[in-house]
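K.L.:
here is a sequence with its predicted model. Questions after.
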Amino acid sequence: MAAPRKRYLVVIPARGGSKRLPGKNLMKIGDDSLIGCAILCAKNASIVGDITVSTDDQSIATEAMRYGPYVPFMRPKQLATDEAKTIDVVDHAIQWFASRGNHYDALIVLQPTSPLRTAQDLRQAVELFEEREADAVVSVCKLEHPLQWCAELGPNGSMEKFGESDNSQMRSQELAHHYRLNGAIYIYDIKSLSTYGKFYFNNNTFAYEMDEVSSIDIDTHHDYLMAEYFYSIR
């Protein structure tokens, strides 16, 4: 695998105050917290640049510092609300480093809620980004079931919309594969990101495919139990 040529800023966004799964960024998978797993993934991928955890929560900052000096600032309150967007959080981090003379070619976002993502996944995604001279590379996984088997239910629970497509009668082997964002890896050229002002998908954005297990994204206690189990049998 070729050594990365570009310089990267890895941002790990970890806001406190999760409502669906309180304290989730500090929950452990094996010996490490979710925030620790994300930091170790970035460290072990040996990417040139810097790693930073953006958090408003002192307990998350303290935990992150156990893995190294990765909390150079605390996230401003206005970026720590339920309405705050990830693009604004990463832009704050990019500007914070730029104001201190640190500039990067590309941004990597690693959500702590994907603890089964590996350093190899990250290295391969970076390699794809550089080989294709891409504007962006984003991780995805195959949908577990064909999209054509899905539809809305009517107000009374009727399945009328399921009958609107003949595809719903086809076998899964006969249908095209669809993919979903799995939230594990986002790599964006910083100049392009600045131009668009948002996370975008264009014809120079490429998918890095991950398997279903590595794509587990912890949002509920059920997700956490699944991640714990699959980690234990790796």
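P.N.:
Looks like it came in fine. Residues are numbered from 1 along each chain as shown.
K.L.:
surely residue 126 is in a helix?
P.N.:
Yes - looking at residue 126 with DSSP: H, G, I helix; E, B strand; the rest coil, it is inside a helix.
K.L.:
biggest strand in the chain by residues?
P.N.:
Longest strand of the chain, by residue count under DSSP state E: strand 179-189.
K.L.:
ok, which stretches of the protein are strands?
P.N.:
With DSSP E, the ranges of strands along the chain come out as 8-13, 28-29, 32-33, 49-54, 106-109, 136-142, 179-189, 205-209.
K.L.:
hmm, back to that, now do the longest strand of the chain and strand 8-13, the angle between them.
P.N.:
Orientation check (axes from the mean of the first three to the mean of the last three CA atoms, to 10 degrees): strand 179-189 against strand 8-13 gives 130 degrees.
K.L.:
now do strand 179-189 against strand 205-209, angle only.
P.N.:
Using the same axes, to 10 degrees: strand 179-189 against strand 205-209 is 120 degrees.
K.L.:
strand 179-189 pairs with which strands?
P.N.:
When pairing is defined by DSSP bridges, strand 179-189 lines up against strand 106-109 (antiparallel), strand 136-142 (antiparallel).
K.L.:
which of those strands is buried the deepest?
P.N.:
Ranked by mean neighbour count under mean count of other CB atoms under 10 Å, the strands paired with strand 179-189 are led by strand 106-109, which reaches a mean of 24. Yep, even glycine has a C-beta here, placed from its N, CA and C like the rest.
K.L.:
okay, it in CSV with CA atoms only?
P.N.:
Extracted in CSV, the C-alpha atoms of strand 106-109 (Å, rounded to 0.1, in the frame of the first residue of the first chain):
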residue,chain,number,x,y,z
ALA,A,106,-8.0,17.1,3.0
LEU,A,107,-10.3,16.5,5.9
ILE,A,108,-11.2,13.1,7.4
VAL,A,109,-14.3,12.8,9.7
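K.L.:
mind putting the strands paired with strand 179-189 in JSON lines, mean pLDDT and distance to residue 15 included?
P.N.:
Output for the strands paired with strand 179-189, formatted as JSON lines (pLDDT from 0 to 100; distance: least, CB to CB, whole Å):
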{"stretch": "strand 106-109", "mean pLDDT": "98", "distance to residue 15": "13"}
{"stretch": "strand 136-142", "mean pLDDT": "98", "distance to residue 15": "21"}
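K.L.:
to residue 224, which of the ones you listed lies closest?
P.N.:
strand 136-142 (18.3 Å; CB to CB).
K.L.:
neighbouring contacts of that closest one?
P.N.:
Contacts to strand 136-142, defined as CB atoms under 8 Å, 6 or more residues apart in numbering, come from residues 117, 121, 125-126, 128-129, 177-189, 192-193, 199-202, 204-212, 214-215.
K.L.:
go again using 7 Å as the cut-off
P.N.:
Residues outside strand 136-142 that contact it (CB atoms under 7 Å, 6 or more residues apart in numbering) are 125, 128-129, 177, 179-182, 184-189, 205-212, 215.
K.L.:
my read: residue 219 touches residue 19, true?
P.N.:
No - using CB atoms under 7 Å, residue 219 makes no contact with residue 19, being 10.8 Å away.
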